[in-house]
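1. Sharing a model that was predicted from the sequence below.
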Amino acid sequence: MNPRRTSFQLARVFGIRITAGLSWFVILFVYIFYLHELLGGQIPDAFAVTVVTALTFFLSLVIHELGHALLAKRNGLEVIEIQLWALGGITRTSGTTEGPGAQFAVAAAGPLATACVIVVCGLGSKLAAQHQPLLSLAVEAGPHASPVGVWLKVLAVVNLLVLALNLIPAFPLDGGQIAQSIIWKLTGDRNLAVRVTGRVGQAFAAVLGVAGLYLLTQRYSSGFWLTLIALVIYQGAGAAVVQGSIGQKIQRLTVADVMDREPITIPVETTLLDAQEQFFARYKWPWFAVIDSARHFMGVLRQERVDAELAAGRPALSVMEVLEDDIPVRIGEGQPLESLLRSEALGRLGGMVAVDGEGTLQGVVTLAQVRQALRPAS
């Protein structure tokens, strides 16, 4: 049975998928409603301006996330997608930055992109309404107001507010990740940096939540958004605190310390029928590592692929002909366990293949083994 779709692809830029969650489609109409309430009847073409402003605001969020994504790719991370959702956007990556400098560059790229958007919109609004100060928060109203000037001014002001919020040194905001990279650089301890910025994030979320609840008691709708943002930030910050605490306790562990050194593997010359009968039917594991005679890791053979080929009447094919060698399931046996925990493949496939510098299979590490290793540590 196919999994339920939770996001939809909107575009692909520089090879990066841009998707939107279901909440984005709802929040888009909410933004249009609030903007129209603000501008309706005050400027010409108010509805058109509100729709264009809402859409281009989300476009500016995509530009922000593209800043993160392009720097992440440049620093060797795999960018899975950029996803728009109710409270903005997020860049999903696989892997971790190798040092504080790389983390700083990736974290700072998004705010820098937003700053460029603000400058462009600010200059554009000044050209459209030359008598207004460039950074005035007031939006010109009246029957003679320039729709283009209003659009660019609102877009600049909203992005300025987003930038100011995002640069607060509280995880998981960009400012928190920038602060995290600086603390990591100064102390040499990444886990300490994660915990400190996580605690700051929790404190900031608490202050934001109290402010939101107060505004709700005064019947200001903005209180709802502040409270919602506070909950999201507190959740992300809390996860960072836990991650930093556990990471500090297990930072001396490597993949080799927890892996199974004698895993069940499939020889590369095995036929699909033999693989089904001798491995999948017997051990009930959804995939197996395939190795050659020298135990070099060749790729992964998955149950779905075997079932498809057998159903098509090709039981005599060798596993070499259908194995998948592009799945990011490989990890060095000397890698820290913390790197393994950040790997998306571990959660998606339930395990990873540990190899040495020559690509020789040394073991397999599964989620169950990782949980066992973490249980006494946590």
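-> That came in fine, so what should we check first?
2. mind listing the strands in the stretch 201-350 of the chain by residue range?
-> Chain-ordered strands for the stretch 201-350 of the chain, with DSSP state E, counting those that start in this stretch as the definition, fall at 265-267, 287-291, 297-302, 330-332.
3. These: which one's closest to residue 25?
-> Counting by C-beta to C-beta, residue 25 lies closest to strand 297-302 out of the strands of the stretch 201-350 of the chain; the figure is 33.4 Å. In this view, the C-beta of every residue, glycine as well, is placed from N, C-alpha and C.
4. quick one: low-confidence parts of the stretch 251-378 of the chain?
-> Segments of the stretch 251-378 of the chain classed as low confidence (criterion: pLDDT under 70) are 374-378.
5. ok, now with 80
-> Flagging of the stretch 251-378 of the chain using pLDDT under 80 yields the residue ranges 251-253, 325-327, 336-339, 341-345, 347-348, 371-378.
6. how about the strands of the stretch 201-350 of the chain in TSV, adding mean neighbour count and distance to residue 343?
-> Output for those, formatted as TSV (neighbours: other C-beta atoms under 10 Å; distance: least, C-beta to C-beta, whole Å):
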stretch	mean neighbour count	distance to residue 343
strand 265-267	19	20
strand 287-291	24	15
strand 297-302	22	14
strand 330-332	17	7
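7. Out of those strands, which gets nearest to residue 237?
-> Between residue 237 and these, the shortest separation by C-beta to C-beta is 28.0 Å, and it involves strand 330-332.
8. And that closest one, what does it pack against?
-> strand 351-355 (3 or more C-beta pairs under 8 Å, 6 or more residues apart in numbering; DSSP states H and E).
9. Let's see that with 10 Å instead.
-> Here strand 330-332 is seen to pack against helix 255-258, strand 297-302, helix 337-341, helix 344-349, strand 351-355, strand 361-366 when contacts are counted using 3 or more C-beta pairs under 10 Å, 6 or more residues apart in numbering; DSSP states H and E.
10. Point out the most buried one among those.
-> The highest average neighbour count among these, using mean count of other C-beta atoms under 10 Å, belongs to strand 351-355 at a mean of 25.
11. Partner strands of it and their direction?
-> Taking DSSP bridges as the criterion, strand 351-355 pairs within the sheet with strand 330-332 (parallel), strand 361-366 (antiparallel).
12. So what's the gap between the shortest one and the chain middle?
-> Counting by C-alpha atoms, centre = their mean, to the nearest Å, strand 330-332 is centred 21 Å from the centre of its parent chain.
13. show me what contacts the closest residue to residue 360 other than its chain neighbours?
-> With sequence-adjacent residues excluded and distances taken as C-beta to C-beta, 6 or more residues apart in numbering, residue 360 is closest to residue 295, at 5.2 Å. Residues counted as contacts of residue 295 (C-beta atoms under 10 Å, 6 or more residues apart in numbering) are 265, 267, 289, 355-356, 358-362.
14. For residue 287, see how far away residue 295 is.
-> For residue 295, the distance to residue 287 (C-beta to C-beta, to the nearest Å) stands at 18 Å.
15. What of residue 107?
-> Distance from residue 107 to residue 287, counting by C-beta to C-beta: 35 Å.
16. And residue 244, by the same measure?
-> On the measure of C-beta to C-beta, residue 244 and residue 287 end up 32 Å apart.
17. Check residue 34 too.
-> When distance is defined by C-beta to C-beta, residue 34 is 48 Å away from residue 287.
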